[in-house]
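Colleague: Make a model of this:
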Amino acid sequence: MKAINTVSFNTRTAFQRETEFISVTVAGQLLGLPIGRVHDVFVVSEMTKVPLAQAEIAGLLNLRGRVVTAVSLRSRLGLQEDHRTGRRMAVGLECQGEAYGLLVDEVGDVLKLNPAEMQPNPVHMDRRWVSLSQGVHQLQGVLMIVLDVDAVLAFEAEREAA
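Modeller: From the prediction side, this is the model:
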């Protein structure tokens, strides 16, 4: 009986060492969002523009009867908007009681990664990206930047500070 408990404990400890991320792609760059912060992944059908809104605010969405602020991750990262028509994906997040849809190019897989293997941001990384990132994971020749959801959605505070 004790051997079973020991195995269960070791299995539980191994699972606790892994952190899950939803992988998304923006302008060819792989990004990771902590899965605990993600509520939905959905296709954007209609979006209402908001007059005089910041560049990061792409518009408002109706997600199952709830008004959601659509935030362009491209704009937030200082990248050019992709104006091609087609299917737009969004990741539903909440921050300080507000609902947001983070617009991304593609949604990938759920990745289970060891937090001890996360590395600090590269020294040559753009300052804007560093301010939105918690670190990076090296995945078979691809660098995944782990986004800090609170920092990504703190654009309002940045504007007030300026």
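Colleague: Does the closest residue to M118 other than its chain neighbours belong to a helix, a strand or coil?
Modeller: Distance criterion CB to CB, 6 or more residues apart in numbering; nearest residue to M118, sequence neighbours excluded, is G135 at 4.4 Å. C-beta: built from backbone N, CA, C; applies to glycine. Classification of G135 by DSSP: H, G, I helix; E, B strand; the rest coil places it in strand.
Colleague: confidence score at the residue minimising distance to the centre of the chain?
Modeller: With distances taken as CA atoms, centre = their mean, L33 lies nearest the centre of the chain, 3.6 Å away. L33 carries a pLDDT value of 97.
Colleague: and the gap between it and T48?
Modeller: When distance is defined by CB to CB, to the nearest Å, L33 is 24 Å away from T48.
Colleague: How about M89?
Modeller: M89 is 18 Å from T48, by CB to CB.
Colleague: of the two, who's got more company?
Modeller: M89 (17 against 11; other CB atoms under 10 Å).
Colleague: close enough to count as contact, the more buried one and V107?
Modeller: Yes. Look at M89 against V107 with CB atoms under 8 Å: they come within range, at 5.1 Å.
Colleague: Need the residues touching each of the two.
Modeller: V24, V41 (CB atoms under 8 Å, 6 or more residues apart in numbering).
Colleague: before we move on, the earlier item: now for the residue nearest to the centre of the chain: which residues touch it?
Modeller: So L33 contacts F21, I22, V24, V91, L93, L102, L147, V149 (CB under 8 Å, 6+ apart).
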